[in-house]
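K.L.:
Okay, predicted coordinates and the sequence, questions at the end:
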Amino acid sequence: MREESGVLLLPSRLAKLLLQTPLRAGYAGGWLHPTTGYSFPIAARLANFIARRSPEALFGSAFERLAREQARQSAFACLLNRLLFDAVVPERRRSVFERFYTGEAGTISRFYALTTTPLDRARILCGRPPAGISLRRALSRGVNA
């Protein structure tokens with residue numbers, strides 16, 4: 001049986017993606033999933049994008065659209081990090097995951113790929129809050145969208 005171990009920082013905010021040469025990809029460049037720390041789906045998407053363009057055409061409007069979508073998806077993921085770590089007492093964080101994993105399979109899959117839709121985001125945030133969430137705790141710790 002294989003086991004993984006390690007520690008990845010899960011940011012509550014990301015620095016702006018740099019849209020210039022040389023391209024910084026992966027965690028160092030902000031091309032990661034802020035909630036899971038995974039970078040493979042995002043790296044594959046970026047590699048596929050790069051492979052389909054000539055070097056001269058890389059940093060154009062299509063790349064800017066890709067980067068904007070990455071930033072938009074990352075902003076939502078960072079919001080989830082802030083909610084989890086600032087609004088939920090540590091001993092009740094498990095309930096957040098229990099609620100999430102009872103959700104629709106497509107939503108969970110798109111969440112991991114960092115390709116959530118507006119409906120996915122509503123499914124994740126709406127409904128009965130998980131046990132242990134505290135608006136008072138969130139506000140006292142400065143959670144904001």
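P.N.:
Received, thanks.

K.L.:
Tell me where the protein has strands.
P.N.:
Assigned by DSSP state E, the chain shows no strands.

K.L.:
what residue ranges in it score low on pLDDT?
P.N.:
Where the chain drops to pLDDT under 70, the residues are 15, 18-19, 138, 141-145.

K.L.:
Need the residues that contact the longest helix along it.
P.N.:
Secondary structure of the chain per DSSP state H: the longest helix is helix 61-82. With contact meaning Cβ atoms under 8 Å, 6 or more residues apart in numbering, helix 61-82 is reached by 10-14, 16-17, 19, 30-35, 42, 45-46, 49, 53, 114-116, 121, 124, 143-145. To be clear about C-beta, it is placed using only N, CA and C from the backbone, and glycine gets the same treatment.

K.L.:
Contact partners for the closest residue in space to residue 85 that isn't next to it in sequence?
P.N.:
Spatial nearest neighbour of residue 85, excluding adjacent residues (Cβ to Cβ, 6 or more residues apart in numbering): residue 12 at 7.1 Å. By Cβ under 8 Å, 6+ apart, the residues touching residue 12 are 78, 81-82, 85-86.

K.L.:
Let me have the residues you listed in CSV, adding neighbour count and distance to residue 65 as columns.
P.N.:
Output for those, formatted as CSV (neighbours: other Cβ atoms under 10 Å; distance: Cβ to Cβ, whole Å):
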residue, neighbour count, distance to residue 65
78, 18, 20
81, 16, 25
82, 18, 26
85, 15, 31
86, 17, 31
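
K.L.:
which of these lies closest to residue 104?
P.N.:
Distance to residue 104, by Cβ to Cβ, is smallest for residue 81 among the contacts of residue 12, at 21.5 Å.

K.L.:
if I look at the closest one, how far off is residue 113?
P.N.:
From residue 81 across to residue 113, the span is 17 Å (Cβ to Cβ, to the nearest Å).

K.L.:
Check residue 120 too.
P.N.:
Applying Cβ to Cβ to residue 120 and residue 113 gives a distance of 11 Å.

K.L.:
And for residue 75?
P.N.:
16 Å.

K.L.:
These two - which one has more neighbours?
P.N.:
Using other Cβ atoms under 10 Å, the more surrounded residue of residue 75 and residue 113 is residue 113, with 16 against 13.
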